[in-house]
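Q: Need the 3D shape of this:
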Amino acid sequence: MIKKFLQAIGGFIVKRKIVSAIIIIVIALGGYYGYQAFFGPKMETRYILGQAATSTIMTTVSGTGQVSNSNQVVLTSKVGNTKVTFVGVQNGQQVKAGAVLVRFDATDAAKAVRDAQSNVDTAKLALAKLREPSDQLTLTQAQNAITQAQQDKLAATSNLNATYVDTFNAVTASFLDLPTIINDLYDNQFGTEIGAGQPSIGKDQTNNTALFNTTNLAYRSQIGDLETVAQNDYNTARIAYDANFTDYKNLTDSSDAATVKKLLDETVVTAKKMAQAAKSEATLLSDWSDYRSLQQGSQIFSQVTTMQTGLITDSGKINSHVADLISLQNNLVNYATAIDSADRTIIEKTLSLQQLQAGANPLDIQSQQLALQAKQNALLDAEQTYANYSIVAPFDGIVASIPVKIDDPVSSGATIATVITPQQIVSISLNEVDVSNIKLGQKATMTFDAVSDLTMTGKVVSIDTIGTVSQGVVSYNVQIAFDTQDDRIKPGMSVSAMVITSINQDVLAVPNSAIKSQGANNYVQVLANVDPAAADSAQGVLATSVPENRPVTIGVADDNNTEITSGLAAGEYVVLKTVTAVNKASTQAPSLLQSIGAGRGVGGGANFRPGN
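A: Residues are numbered from 1 along each chain as shown. Predicted coordinates for the structure are as follows:
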């Protein structure tokens, strides 16, 4: 028992030492990282920059091949569905480079060139018009449009104010008649007796002398229903009138527009309800009169005729007031709408004038420039297609074969002529992507494994129309004729050729490393407030602000630069590389072991030693 107790005590002591050690290590690590935060080495970010500037971008296509053993070139047609219209040479005839050997019917191709040229001319005119400053006439017209809109607003405002005055007067005029009319309606229902001791139409009929008393039970039911409708309509009109009249009494000539408008709407509703009450009473009296006239010896009391005449008069007055008041309601809406419309027109015309004064929007100019470039590219394509309708000698030589004659049909890829040249020819193989950028006459440079210090120039003289398939890969042979001869070049030598497919001069460009992508969009990081003296530093520059991610539209690119067609201006600095480094001027931080050692005994705690 004692032994187990001692073992337990010993285990507790060991565990306590372990816990103490862990606490000390945690304190030491906290001290280390806290020291690092306040006194450790500082990290700084530098930006290696490039500058957007005009440049020439040359795109190329490269391929390898051999110097051909044969110096003849087979010329084939690149167009089809046409016919031969001209043959200018014979077999064995010597020709100069550029001489037309054969022409095809190019009616459609010539029309395509004319249409493309017209589109280019139209785009140029549109761009020129966009760049022109607005003439004085246009500016004056824009200013006049603003003035007219302001005058329209003033007129609508004046009419609106006058209509509120008219509304006040019209409502007042209505209440010169409405009290009398509502009392007439009451008298018809509950007023004095109307003849021969008979009560008015709304009184309770309890004896045989009542106005609507009759032995015809069906008619009594019918006339009772009409009487109920007339009484209900009168009560509805009376409630509306009483509330309306209270509001009217509170109206003054200094009441605001909203109060006048509210009272107008309320009066229209009241007048319509009174008109309905008058109509219901007239229907009741008319039905009773018709029944009485059918009864032999029955009398239509003069008071009934008087009430009918009065209802006609009252209904006419009510309807006249309703028409006037509704007209005023419409005028208030129309003039308020006219004011809103004038306000919108003033804003629109003011912005239009400001745009005219400021000139064309740079984005509109850029958009039109891109449209012009697209039409110019279409013209180049149309001209190239038109050029394909003529077969010309690619170099000086002799026509070895001309197998076509006038009116012969022509299909794409058909052999048209074979020309022998004293110049050497290189044949290279290109894939289907690269060969689509190759055109006859394009310049090329060539280097040779066997003659390392020699670079030759030439031009493309032939392109295979039909490719060769090998292991699922399609390749096309392209033949290049040397511009000059060199005796060191032998048939069969290996050659590397670089064909120049396009040269874009004076375009805005940045180094390729500046272009970044996010999905299908491209952007560059633009740094503002850059000191030009420090911008070229190989170590980069410290920035006072964070670079801006600027969306850009890119064009062609070569091995070094990428064209920027929109989103960037010449002279702006773009980030090529971001470098994060330790500031060497920072205080050297202690090692982890030093931190742990320094942390021992902090606050008088027990030291931890192995073996304790």
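
Q: May I have the phi/psi pair for Lys577?
A: Here is the backbone geometry of Lys577 (degrees, to the nearest 10): phi -160, psi 140.

Q: scratch that, Thr565
A: phi -90, psi -20.

Q: cool, the one 3 residues further on as well?
A: The main-chain torsion angles of Leu568 are listed as degrees, to the nearest 10 and equal phi -140, psi 150.

Q: For it, which residues are in contact?
A: Ala52, Leu508, Val510, Val524, Val526, Arg550, Val552, Val574 (C-beta atoms under 8 Å, 6 or more residues apart in numbering). For every residue, glycine as well, the C-beta is placed using N, CA and C.

Q: export these to a markdown table and tack on pLDDT?
A: As requested, these are exported to a markdown table (pLDDT from 0 to 100):
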| residue | pLDDT |
| --- | --- |
| Ala52 | 92 |
| Leu508 | 92 |
| Val510 | 93 |
| Val524 | 93 |
| Val526 | 92 |
| Arg550 | 91 |
| Val552 | 91 |
| Val574 | 92 |
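
Q: quick one: Arg488 is in a helix?
A: No. Counting by DSSP: H, G, I helix; E, B strand; the rest coil, Arg488 is located in no helix; its state is coil.

Q: Skipping adjacent residues, who's closest to it in space?
A: In space, and not counting its chain neighbours, Arg488 is closest to Val451: 5.0 Å by C-beta to C-beta, 6 or more residues apart in numbering.

Q: tally of neighbours for that neighbour?
A: When neighbours are counted by other C-beta atoms under 10 Å, Val451 registers 15.

Q: Kindly report the same for Thr345.
A: Thr345: 17 surrounding residues under other C-beta under 10 Å.

Q: Now the residue nearest to it when sequence neighbours are not counted: which helix or strand?
A: What sits nearest to Thr345 in space, not counting adjacent residues and going by C-beta to C-beta, 6+ apart, is Ala149, at 4.0 Å. If you go by DSSP states H and E, Ala149 is part of helix 136-190.

Q: Distance from that helix to the middle of the chain?
A: Centre-to-centre, helix 136-190 and its host chain are 43 Å apart (C-alpha atoms, centre = their mean, to the nearest Å).

Q: Following the chain past that helix, name the next helix or strand.
A: Next along the chain after helix 136-190, taking DSSP H and E as the criterion, comes helix 217-249.

Q: What residues of that next one count as buried?
A: Using 16 or more other C-beta atoms under 10 Å as the test for burial, helix 217-249 gives 223, 226-227, 229-231, 233-234, 237-238, 240-241, 244, 248.

Q: Ok, stretch 176-194 next?
A: Of the residues in stretch 176-194, Asp177, Leu178, Ile181, Ile182, Asp184, Leu185, Tyr186, Asn188, Gln189, Gly191, Ile194 count as buried by neighbour count, 16+ other C-beta under 10 Å.

Q: Let me know the closest of those residues to Gln369.
A: Gln369 lies nearest to Leu178 out of the buried residues of stretch 176-194, by C-beta to C-beta, at 72.6 Å.

Q: residues touching the closest one, list them.
A: Applying C-beta under 8 Å, 6+ apart, we find Leu178 in contact with Tyr241, Phe245, Thr270, Ala271, Met274, Ile318, His321.

Q: Drop the exposed ones from those residues and show what's left.
A: By 16+ other C-beta under 10 Å, the contacts of Leu178 give Tyr241, Thr270, Ala271, Met274, Ile318, His321 as buried.

Q: circling back to that earlier point, my guess is the residue nearest to Thr345 contacts Ile347, does it?
A: No. Counting by C-beta atoms under 8 Å, Ala149 sits too far from Ile347 to count as a contact (9.0 Å).

Q: Spatially nearest residue to Gly467 (excluding sequence neighbours)?
A: Val474 (4.2 Å).

Q: For that neighbour, list each beta-bridge partner.
A: Val469 (DSSP bridges).
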